[in-house]
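A.B. asks: Please work out how this folds:
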Amino acid sequence: MDTSYPREDYLPAPTHKREPSPTAPVSPPPRDHLVWSVFNTIYMNFCCLGFVALAFSIKARDQKVAGDVEAARHFSSKARCYNALATAGSVVLPLLLAALVITGVIHLSKLAQESVGFFTYQFSPSNDEDK
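C.D. replies: Model (predicted):
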């Protein structure tokens with residue numbers, strides 16, 4: 001059972017060509033962002049936003065095939081938004097975590113340098129002071 005969508009090269013050629021009307025601008029079909037959604041789902045699945053984007057991408061593709069361009073644009077817009085959020089969250093959060101670790105290490109090293117005097121305090125007088 002073939003469940004793939006029919007391609008244009010397999011469709012019969014039209015018997016006559018219609019010229020697009022000059023008053024109605026032809027807009028390209030909306031993008032479904034399916035590859036980006038799959039990438040976010042597999043590699044950078046931050047709070048399952050990649051999976052949500054994948055669901056909207058599939059809905060956008062289905063609506064585009066069905067011919068409902070407005071619904072396809074709506075779902076495509078949502079898929080793009082969720083993909084952007086997933087990508088930004090997956091890139092920004094590790095960078096923020098790395099910055100916090102680096103600043104923590106710097107702060108601890110400064111604190112250790114300042115407290116060297118406390119740890120080198122001698123409780124008993126040294127032999128040099130007795131002479």
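A.B. asks: Angles on the backbone of Pro29, please.
C.D. replies: phi -70, psi 150 (degrees, to the nearest 10).
A.B. asks: Name the nearest residue to it, ignoring sequence neighbours.
C.D. replies: Excluding its sequence neighbours, the residue lying closest to Pro29 (C-beta to C-beta, 6 or more residues apart in numbering) is Lys64, at 5.6 Å. The way it works is simple: take the backbone N, C-alpha and C, and place the C-beta from them, glycine included.
A.B. asks: Distance check, the one you found against Ser90.
C.D. replies: Per C-beta to C-beta, to the nearest Å, Lys64 is found 27 Å from Ser90.
A.B. asks: With Glu114 instead?
C.D. replies: Taking C-beta to C-beta as the criterion, Glu114 is separated from Ser90 by 38 Å.
A.B. asks: of the two, who's got more company?
C.D. replies: Ser90 (17 against 9; other C-beta atoms under 10 Å).
A.B. asks: The helix or strand in which the more buried one is found - contacts with which helices or strands?
C.D. replies: Secondary-structure element containing Ser90, defined by DSSP states H and E: helix 69-114. Where contact means 3 or more C-beta pairs under 8 Å, 6 or more residues apart in numbering; DSSP states H and E, helix 69-114 is packed against helix 34-42, helix 49-66.
A.B. asks: which residues touch the next helix or strand after that helix?
C.D. replies: Next in sequence after helix 69-114, counting helices and strands by DSSP H and E, comes helix 116-119. Judged by C-beta atoms under 8 Å, 6 or more residues apart in numbering, helix 116-119 makes no contacts with residues elsewhere in the structure.
A.B. asks: Would you mind writing the CA trace of helix 116-119 as PDB?
C.D. replies: Only the C-alpha atoms of helix 116-119 are listed here, as PDB (Å, rounded to 0.1, in the frame of the first residue of the first chain):
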ATOM      1  CA  VAL A 116      45.200  32.200  52.400                       C
ATOM      2  CA  GLY A 117      46.100  34.300  55.400                       C
ATOM      3  CA  PHE A 118      43.500  32.600  57.500                       C
ATOM      4  CA  PHE A 119      44.900  29.100  56.700                       C
END
